[in-house]
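Trainee: Predicted structure and sequence below. I'll ask about it afterward.
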Amino acid sequence: MFKQSYFDTLQDYVASGCTLELTQDELDYYNALYALVGINRKYGKDNAIAFLMHEPFNVERMRARQMYSEALNLFFTNDAIENSAHRNMLFDDLQKAALVVLKNATSAKDMEVYGNLITQAARIKQLDKPDPVKPKEIDDKPIKIYDLNSEKVGLPQANRQQLAAQIDSIQDIPGKEKIRLKRDAGVIDVDFEEMLNDQEEKTKDL
């Protein structure tokens with residue numbers, strides 16, 4: 001596939017704001033170049049070229065490299081590449097350069113060059129900076145358990161008779177409110193049926 005280049009036609013197509021009509025072969029070529037751009041951004045040049053050399057394209061390496069260059073020239077004329085993509089490309093190039101230096105190193109000076117390349121690569125990849133703090137997932141949030149039994153947390157149990165007396169001594173509140181306070185304080189048992197009836201009355205009032 002892609003033995004013929006449609007690069008010139010695609011340049012006119014992009015310059016027209018993608019309004020020109022393309023043949024199916026030209027459109028397939030355009031889509032292949034566009035895919036190369038995406039692969040190059042995330043995975044680097046070598047993986048982008050390898051993409052064309054395997055099924056279903058089976059393009060020869062030299063032709064795949066030519067198409068890679070065409071993709072860069074076609075889509076990278078306006079610098080809309082994300083910074084992370086730039087960093088990944090530079091990081092990949094510096095790593096390869098450092099590996100070449102390491103394999104051919106014969107002196108301490110060569111190893112110094114290797115170390116500088118690795119340091120530059122780490123800085124471009126921002127490995128010298130702490131990882132951003134990820135927001136806590138729901139599963140990571142602390143679990144809170146509420147209990148009216150103070151003895152479970154090491155505190156003495158409250159004197160319920162004294163609590164009841166204190167609530168009864170409060171003036172200017174209706175009897176139902178005093179009953180609710182006693183329920184909340186655990187002085188008397190909760191009457192769920194009565195609570196539902198109270199809720200229905202409040203709903204009717206609304």
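Mentor: The structure has been received and is ready for your questions.

Trainee: Helix or strand with the lowest mean pLDDT in the chain?
Mentor: Least confident element among the helices and strands of the chain, by mean pLDDT, DSSP states H and E: helix 192-205 (a mean of 60).

Trainee: Once you drop chain neighbours, what's closest to Val37?
Mentor: Take Val37 and drop its neighbours on the chain: the residue closest to it by Cβ to Cβ, 6 or more residues apart in numbering is Phe75, 4.8 Å away. Where C-beta positions appear, they are placed from N, C-alpha and C, glycine not excepted.

Trainee: Does that neighbour touch Leu33 like I think?
Mentor: Yes - here Phe75 reaches Leu33: they are 7.1 Å apart, a contact under Cβ atoms under 8 Å.

Trainee: So these two - more neighbours on which side?
Mentor: Leu33 (22 against 18; other Cβ atoms under 10 Å).

Trainee: Just the residues contacting the helix or strand hosting the more buried one, thanks.
Mentor: Using DSSP states H and E, the element containing Leu33 is helix 24-43. With Cβ atoms under 8 Å, 6 or more residues apart in numbering as the test, helix 24-43 has contacts from 1-2, 4-6, 9-10, 13, 22, 47-48, 51-52, 57, 67-68, 70-72, 74-76, 81-82, 85, 88-89.

Trainee: For whatever helix or strand comes next after it, what does the pLDDT average out to?
Mentor: As assigned by DSSP H and E, the chain's next helix or strand after helix 24-43 is helix 45-53. The pLDDT scores in helix 45-53 average 88.

Trainee: could you point out which element follows helix 45-53?
Mentor: Using DSSP H and E, the next helix or strand after helix 45-53 towards the C-terminus is helix 61-75.
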